[in-house]
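Novice: what's the 3D shape of this:
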Amino acid sequence: MADSNAAIARIVADIDAAQHSVHLLFYIWLDDGNGRRVADALRRAAARGVSCRALVDDLGSHAFIRSTQWPALAAAGVQVLRALPVGNPLLRALRGRIDLRNHRKIVVIDNRLTYSGSQNCADPAFLPKAKYGPWVDLFVRFEGPVVRQNQHLFATDWMGNGGDDLTALLAEPLPQIQNGQDGF
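Specialist: Predicted structure coming up:
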């Protein structure tokens, strides 16, 4: 994608065209312009009967989980899960490592296309970047066999964090692609 906003716009368009399933996994998902655009698209897809699942890292997306967006997604029929729940940070430090996080950024739509890269679900200039930036995120849209690989990654994280069994989805045949490129 040309930039972060273009990536989010394309993801939203693909979610709006989804017919069967939408799976999103983000380390950081914020309740900002781009974060709300994706959340709105997920709610629209769920309203059309598309099976939608959203998985976020409990630490990286803590503000989004505690915003009005997270329960609104669940109320709209989007299945939502937190990866690697932190709970009480002081107790967590005693019982396990709080620093092991899920930093993946994966979108899989209709078992047909996928996005992957460093793009979080947020506006390009979100505050943590100001401390370390400037940097440029990369997000790529793929079709073909890599879709199944990302679907497996999503399914492993989803089921590993208490989500429903996605084995049947992983067994579906891959759709044929025309020329391997989208032309965008």
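Novice: CA only for contacts and neighbour counts going forward, please
Specialist: Noted.
Novice: Any buried residues in stretch 31-48, and which?
Specialist: Of the residues in stretch 31-48, those with enough neighbours to count as buried (16 or more other Cα atoms under 10 Å) are 31, 34-46.
Novice: Helices along this protein, start to end?
Specialist: For the chain, applying DSSP state H gives helices covering 4-17, 33-47, 62-65, 69-75, 89-95, 127-132, 145-160, 167-171.
Novice: mean pLDDT for those helices: which is lowest?
Specialist: Of all the helices of the chain, mean pLDDT reaches its minimum on helix 127-132 (a mean of 61).
Novice: For Asp14, see how far away Ala7 is.
Specialist: 11 Å (Cα to Cα, to the nearest Å).
Novice: For Arg112, state which of the buried residues of stretch 31-48 is nearest.
Specialist: Closest to Arg112 out of the buried residues of stretch 31-48 is Ala45 (15.9 Å), distances taken as Cα to Cα.
Novice: Which residues lie in contact with that closest one in this structure?
Specialist: When contacts are counted by Cα atoms under 8 Å, 6 or more residues apart in numbering, Ala45 touches 15-16, 18, 51-52.
Novice: When Ala7 and Asp14 are compared, which one has more neighbours?
Specialist: Each of Ala7 and Asp14 has its neighbours counted (other Cα atoms under 10 Å); Ala7 has more, 21 against 18.
Novice: My read is that the more buried one contacts Ala13, right?
Specialist: No. Ala7 lies out of contact with Ala13 (Cα atoms under 8 Å); the separation is 9.9 Å.
Novice: surely Ala79 meets Ala46?
Specialist: Slight slip there: residue 79 is Gln, not Ala. No. Contact criterion Cα under 8 Å: Gln79 and Ala46 do not qualify, at 9.4 Å.
Novice: residues shared between the contacts of those two?
Specialist: Cys52.
Novice: roughly how far apart are Val12 and Asp58?
Specialist: Distance of Val12 to Asp58, given as Cα to Cα: 23 Å.
Novice: again with Ala76
Specialist: 21 Å.
Novice: who's more crowded, the two?
Specialist: Asp58 (21 against 16).
Novice: What are the phi and psi values at the more buried one?
Specialist: Main-chain torsions, Asp58, degrees, to the nearest 10: phi -60, psi -30.
Novice: which ones are touching it?
Specialist: Contacts of Asp58 by Cα under 8 Å, 6+ apart are 65, 82-86.
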